[in-house]
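# okay, structure incoming, though there's no sequence with it:
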């Protein structure tokens, strides 16, 4: 049987037959290199979505709703370009959601923040 080599440093791997790396360090380095460049776009989008979610979650909701201004959202760093889905009511009102928290544009740059149940 041929000696198995570490996928990262090519050192001999000892132990279980299905073992692919000689150490935790090599396993981590291999997976970090594998995921770094090709996943930058996904990572950046997820970071922006997470930030938007935290901003919406920072508002105290009374009965599942809160009201705020566009200026306050922008001051906290909210990015209106990044949402996960839209919900259109039967009346045609469009809610913009980041996971289970959403917002509805109102008049005069006000927004109603809602939580989907």
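Yep, it's here. Just so you know, these numbers come straight off a predicted model, no measurement behind them. Numbering: from 1, shown residues only.

# for the protein, longest helix please?
Longest helix of the chain, by residue count under DSSP state H: helix 40-57.

# just the buried residues of that one, please?
Across helix 40-57, burial judged by 16 or more other Cβ atoms under 10 Å covers 48, 49, 51, 52, 53, 55, 56. Placement of C-beta: from N, CA and C, glycine included.

# touching it from outside, list them.
Residues from elsewhere that reach helix 40-57 (Cβ atoms under 8 Å, 6 or more residues apart in numbering): 73, 76-79, 82-84, 98-99, 101-103, 113.

# would you mark the buried spots in the very next helix or strand once past that helix?
Tracing the chain C-terminally past helix 40-57 and defining elements by DSSP states H and E, one meets strand 65-69 next. Buried residues in strand 65-69, counted by 16+ other Cβ under 10 Å: 66, 68.

# not counting strand 65-69 itself, show me its contacts.
With contact meaning Cβ under 8 Å, 6+ apart, strand 65-69 is reached by 59, 60, 106, 109, 110, 111, 112, 113, 114.

# helices or strands up against the helix or strand just after it?
Downstream of strand 65-69, the first helix or strand assigned by DSSP H and E is helix 70-75. Of the remaining helices and strands, those touching helix 70-75 by 3 or more Cβ pairs under 8 Å, 6 or more residues apart in numbering; DSSP states H and E are strand 110-115.

# cool, thanks, signing off.
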